[in-house]
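>>> What follows is a predicted structure for the sequence shown.
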Amino acid sequence: MKQVVISGSGLYTPPHSISNEALVESFNAYVDMFNLENAGLIEQGHVAALSYSSSEFIEKASGIKHRYVMVKDGILDPEIMMPLIPERSSEELSMQAEIGIDAARMALENANLKPEDIDLVIVACAYTQRAYPAMAIEIQRELGTRGYGYDMLVACSSATFAIVQASNAIATGSAKRVLVINPEICSPQMNYRDRDSHFIFGDVATAVVLEEESLVAEGKGFKIVSSRCFTDFSNNIRSNFGHLNRCDPSTAHQADKLFHQQGRKVFKELLPMIYQHLDEHLAAEALKPQSFKRLWLHQANINMNQFVVRKLLGDDVLPETAPTVLDEYANTASAGSVIAFHKYSADLEAGDLGLLSSFGAGYSIGSVIVKKR
Ligand code: COA
């Protein structure tokens, strides 16, 4: 089996910002509008009045202060509450491919590679804008990579699961250099009228390059020591969006076609699974949590991450051990841990160990142990 190195990473940050305050102001305007329009029914007890959202709640409950979006038009308008994204023709690149390419170019540059050095592109994310041709093939054509490409969807664990696939492809010889791209345009899946979740997601794209170790200069990148995936079905984080939706027009636009979750249940059920998964993965490698210089964790909820860090390392852990990016980026589905890796890995020294881990819908958990070369 060939050894595998992550030799470069890239990040694309969308142009538009939305603060909690702006989001809450628009949500509360919607609440006023709804309650006024339904005043009679609310008074008769037939409809429940909606309650205001609050920035303080959002920050305390999730750690999110802000998010980036590709298109801001429409999101903050209480009559619209979704991004108004013009359709592109078949001759135009999809928006997701476009931002994926941006992140990919940065990852290639950091790996000192050209597109033609790549022989596999895996696009891994929570949704794909178009069903087929696969976005990875669209990107392959646009960038000029060789070999083959495919898309894979595992919601929040798409990035780590794709790194595992890329690593396996290199280890077994079906590719030598792989681009894993995570173009996460999450803002269209948000129900901006739902108080429990209107603040959760933002847009971003990340990418990493993986190479056969013998092709990478001495001292460059992070060697993959070991990786592990886990899934266990749960209904608690869902989107029922799909190509059959249009076949039942009576339900096609209902709220279940957007992201929805039982956040409390997710918290309670997923945490023990994460503990067990990481315990077992570390035990299999005879590693202790203290062996790790850095944890690049999934970025859904700051409190959840603090529980994971405390369980692994105890109370007195410096924040830089497990860097947070969700305050700025919000939850970006699978890209969160890769943003953390991209921004907070340059200071690691030869021999330092790091852990990249995702957890989310499915349920799904992915963990990749890397060692700085
Ligand atoms: N503004 C103000 N108050 C709000 C609110 C909002 N936007 N949304 C909910 N509340 C209220 C609730 O009504 C509830 O009030 P009550 O105690 O009077 O009933 C209270 O705040 C607590 O609500 P709850 O839903 O229990 O909050 P929480 O602490 O669980 O935080 C999440 C909500 C979603 C931030 C949190 O559960 C979470 O992130 N869970 C993990 C989810 C996850 O990782 N998902 C993966 C996604 S990919």
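Arrived safely. If you're wondering where the values come from, they're calculated on a predicted model, not measured in any experiment. Numbering: from 1, shown residues only.
>>> residues from this protein in reach of the ligand?
53-54, 57-58, 61-62, 156, 195-196, 237, 261, 263-264, 266-267, 300-301, 304, 331, 360-361 (C-beta under 6 Å from any ligand atom). All C-beta atoms are positioned from the backbone trio N, CA, C, and that covers glycine.
>>> Mind doing that once more with 5 Å?
53-54, 57, 61-62, 156, 195-196, 263-264, 266-267, 300-301, 360 (C-beta under 5 Å from any ligand atom).
>>> Would you show me how to pick out the buried ones of these in PyMOL?
In PyMOL, this line selects whichever of those come out buried by 16 or more other C-beta atoms under 10 Å:
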select buried, resi 53+54+61+62+156+195+263+266+267+300+301+360
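>>> So which of the residues of the chain next to the ligand is the closest to Arg88?
For these, the residue nearest Arg88 by C-beta to C-beta is Cys156; the value is 26.5 Å.
>>> mind checking the SS state of the closest one?
Following DSSP: H, G, I helix; E, B strand; the rest coil, we place Cys156 in the helix state.
>>> okay, the spatially closest residue to it that is not a sequence neighbour: pLDDT?
Using C-beta to C-beta, 6 or more residues apart in numbering and skipping the chain neighbours, the partner closest in space to Cys156 is Gly360 (2.5 Å). The model reports Gly360 with a pLDDT of 96.
>>> Relative to Asp352, how far out is Gly360?
27 Å (C-beta to C-beta, to the nearest Å).
>>> likewise Asp256?
Separation of Asp256 from Asp352 (C-beta to C-beta): 44 Å.
>>> check contacts around the residue nearest to Cys156.
Counting by C-beta atoms under 8 Å, 6 or more residues apart in numbering, Gly360 touches 155-157, 237, 270, 298, 300, 333-334.
>>> And the residue of the protein that's closest to the ligand?
Closest to the ligand within the chain is Gly263: 2.6 Å, counting by C-beta to the nearest ligand atom.
>>> residue boundaries of the helices in the stretch 201-350 of the chain?
Residue ranges of the helices in the stretch 201-350 of the chain, as given by DSSP state H, counting those that start in this stretch, are 263-284, 302-313, 326-329, 336-343.
>>> The second one to helix 263-284, inter-axis angle?
To tie it back to what came earlier, the one meant is helix 302-313. Put simply, helix 302-313 runs at 30 degrees to helix 263-284, going by axes from the mean of the first three to the mean of the last three C-alpha atoms, to 10 degrees.
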